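In: Build me a structure from this.
(chains A and B)
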2 protein chains.
Amino acid sequence: MPIKHPLISVNGVLDAAISPLDRGFTYGDGIFETCRYQSGEIPLWALHRDRLLGSASRLGIPLDESLLMAYLKPLLDEVRSSGINAAVVKIQVTRGIGGRGYRVPPEVAPTYCVGVFPAESLRSANFLNGVDVRVCTQRLAANKTLAGMKHLNRLEQILARAEWQDEYAEGLLMDESGHVIEATVSNLFVVKNGQLYTPDLSLCGVAGIMRRNLIERLAPSLSLRVEVVAMTLDFVCRADELFLCNSVYGIWPVNRIVDDTRSFLLASFGQHPITHQIQGMLEQSFALVD
Amino acid sequence: MPIKHPLISVNGVLDAAISPLDRGFTYGDGIFETCRYQSGEIPLWALHRDRLLGSASRLGIPLDESLLMAYLKPLLDEVRSSGINAAVVKIQVTRGIGGRGYRVPPEVAPTYCVGVFPAESLRSANFLNGVDVRVCTQRLAANKTLAGMKHLNRLEQILARAEWQDEYAEGLLMDESGHVIEATVSNLFVVKNGQLYTPDLSLCGVAGIMRRNLIERLAPSLSLRVEVVAMTLDFVCRADELFLCNSVYGIWPVNRIVDDTRSFLLASFGQHPITHQIQGMLEQSFALVD
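Out: This next block holds a predicted model:
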């Protein structure tokens, strides 16, 4: 039986609503995770958990992990019993209900919102055939106190994603100094001379879970060296291979980079031998949790 | 009879709640206004309306003004009939209910959330006696596509406001280049040699309604010249007078600027003759709408 999509609980109550005084609603005062559920588990849970707790701590949100897990469990149980193989599990934690004003009330209790959404198979058309991407006009602002977190202040990404419709799978985002940082919902990796490079995210961007999985697990398991660097668009365009990644869709090889504001093909990539190796390793690791 | 505080309606329904799929809650995808209600009216409504419609347009949110006014009217009627003299009217408009993902759904309808909150008298202790302010460690990121708007991505202000408790009335915020931009909920004006100066907000900061009222109405009515400039902290500290403003509390003279991370008094200001003149003009203009 297919599960009802989306299935959402707020503080453990299914189909509940949010107070208009929730600081998530009034100020984007919170964080979220979008996790791939695959064959009964969230395979990258340890990394999601680490980012969630770390970001809550940076923002001073007193996240209660045991409460979150208690709210998450019945939803995961329902997905498991539905027999669905793949889903997206979204976890959102806000600072909770406050009054008017930015100041954090002394007795505020976080809001835990957990949802299950449909997901494509990992071996999607984009995973298998690769994607075309464009370069966004919207830039990312540099702010080291917010950098890396998957927080709820996402207007930059929304404005960037509004720049195109269906013509491209993703858009590359640069910071104000012209360095490539990420794509709207993905991180990026350059393959060059048998080595991986990915942008430094210490001033802006979301430090993605699949990015960390690549740096700490997948690349080392293939004896591939990864360097975190300040990355120009020129460097990206002169890559041997380029791929995007996130924890929901996995890894997408990039076929072409287009500057569609000037109808200009910036780069095209042919074969993706190393990207395919990494994709294979990812598929193996996801199957292993089954 | 006192009104029930806070009095909040969502899409015209009193005490209604927000969907956890509202893009205001998931991404801070929206805007707000906090207006002073005074003696039956919102005296600066024309300016609030202008910023609200302008920001909605910049973000591509199809705000329906007649719908907003239909939702606002019963709340204003209730406040008027309660006989309360002063209140804060908060208007929040989000892009509405969406699915997962930053992309704007084709058929999305904005959410209109209108609330009434308590307000102090305009002639508050801070208005009459002035305030002490501190300098925040948190910096504002430069992003010209978001600058000036009162949007719902407010983590920078929240982190800044979390730097102190009750010791100061406000905190000054600088951008990454060290220019003073605003305070957490206020704009600032320097008085120097009989002239006003206020920071340029083209790269960050909220273009406040009282700031615009000062530039376009109050200062000209007193034949005071206003210059919008890139402003260093040193320039602020060497002012003859300094004041903060917003549309809810009006104008607060600043008595002292403190760097409390180093327990260091940066500046103190004695008399505020020009600030008091402007305060008088503001009081007159607010009384005139009665």
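
In: Determine the number of other residues adjacent to the residue in chain A that chain B sits nearest to.
Out: Chain B sits closest to A:G28 of chain A, with a gap of 2.7 Å, by C-beta to the nearest C-beta. Every C-beta, even on glycine, is put in place using the N, C-alpha and C of the backbone. Neighbours of A:G28 under the rule other C-beta atoms under 10 Å in any protein chain shown: 27.

In: So for it, what's the nearest residue that isn't a sequence neighbour?
Out: B:G28 (2.7 Å; C-beta to C-beta, 6 or more residues apart in numbering or on different chains).

In: Buried residues, stretch A:50-59. List them.
Out: For stretch A:50-59, the neighbour count (16 or more other C-beta atoms under 10 Å in any protein chain shown) marks A:51-53, A:55-56, A:59 as buried.

In: now, which of these lie close to chain B?
Out: With the criterion set as C-beta under 8 Å from any C-beta of the partner chain, the members of these near chain B are A:L59.

In: Tabulate the buried residues of stretch A:50-59 (CSV), appending pLDDT.
Out: Formatted as CSV, the buried residues of stretch A:50-59 follow (pLDDT from 0 to 100):
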residue, pLDDT
A:R51, 98
A:L52, 98
A:L53, 98
A:S55, 98
A:A56, 98
A:L59, 98
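
In: ok, which pair from the buried residues of stretch A:50-59 is furthest apart?
Out: A:R51 and A:L59 (12.2 Å; C-beta to C-beta).

In: Need the residues touching each of the two.
Out: A:M149 (C-beta atoms under 8 Å, 6 or more residues apart in numbering or on different chains).

In: Going along the chain, name the helices of the stretch 51-200 of chain A.
Out: For the stretch 51-200 of chain A, the helices defined by DSSP state H, counting those that start in this stretch occupy A:65-82, A:125-129, A:155-161.

In: Check which residues of the first one are buried.
Out: When neighbours are counted by 16+ other C-beta under 10 Å, the buried residues of helix A:65-82 are found to be A:68, A:71-72, A:75-76, A:79.

In: And the shortest one, by the same measure?
Out: Of the residues in helix A:125-129, those buried by neighbour count under the rule 16+ other C-beta under 10 Å are A:126-127.

In: The residue of chain A closest to chain B: what's it in contact with?
Out: Shown in contact with A:G28 (C-beta under 8 Å, 6+ apart): A:151-154, B:27-28, B:152-155.

In: of all these, which comes closest to B:S268?
Out: Among the contacts of A:G28, and counting by C-beta to C-beta, the member closest to B:S268 is B:R154, at 30.4 Å.

In: Looks like the closest one contacts A:Y102 (just checking).
Out: Yes. Taking contacts as C-beta atoms under 8 Å, B:R154 lies within contact range of A:Y102: 6.4 Å.

In: Please identify which of these two sits among more neighbours.
Out: Counted by other C-beta under 10 Å, B:R154 and A:Y102 do not tie: B:R154 has more neighbours, with 23 against 20.

In: mind checking the backbone torsions on the closest residue in space to the more buried one that isn't next to it in sequence?
Out: Spatial nearest neighbour of B:R154, chain neighbours left out: A:Y27 (4.0 Å); criterion: C-beta to C-beta, 6+ apart. For A:Y27, the backbone dihedrals (degrees, to the nearest 10) come out as phi -140, psi 0.

In: residue contacts, A:Y27?
Out: For A:Y27, the contacting residues are A:102, B:28, B:152-155, B:157-158, by C-beta under 8 Å, 6+ apart.

In: Quick check: the gap between it and B:L152.
Out: Distance of A:Y27 to B:L152, given as C-beta to C-beta, to the nearest Å: 6 Å.

In: And A:E176, by the same measure?
Out: From A:E176 to B:L152 the distance is 22 Å (C-beta to C-beta).

In: Show me which of these two is the more surrounded one.
Out: Set A:E176 next to B:L152 and count neighbours by other C-beta under 10 Å: B:L152 wins out with 29 against 17.

In: quick one: low-confidence ranges for chain A?
Out: A:1-5, A:288-290 (pLDDT under 70).

In: What segments of it are strands?
Out: A:7-10, A:13-14, A:30-38, A:86-94, A:111-118, A:131-140, A:170-175, A:180-183, A:187-192, A:195-199, A:226-229, A:241-246, A:250-259, A:264-268 (DSSP state E).

In: Of those, give the one that comes closest to A:E216.
Out: It is, among the strands of chain A and with distance given as C-beta to C-beta, strand A:226-229, at 9.0 Å.

In: Can you name the residues in contact with that closest one?
Out: The contact list for strand A:226-229, computed with C-beta under 8 Å, 6+ apart, reads A:189, A:195-201, A:214-215, A:219.

In: Columns neighbour count on top of those, output as CSV?
Out: CSV is the format used below for the contacts of strand A:226-229 (neighbours: other C-beta atoms under 10 Å in any protein chain shown):
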residue, neighbour count
A:F189, 28
A:Q195, 14
A:L196, 23
A:Y197, 20
A:T198, 21
A:P199, 26
A:D200, 15
A:L201, 18
A:L214, 24
A:I215, 19
A:A219, 20
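
In: So which of those residues is the closest to B:P118?
Out: A:L201 (42.3 Å).

In: wait, doesn't that closest one sit right on A:G148?
Out: Yes. Taking C-beta under 8 Å as the definition, A:L201 is a contact partner of A:G148 at 5.4 Å.

In: overlap in contacts of the two?
Out: Common neighbours of A:L201 and A:G148 (C-beta under 8 Å, 6+ apart) are A:A207.

In: Many thanks, have a good one.
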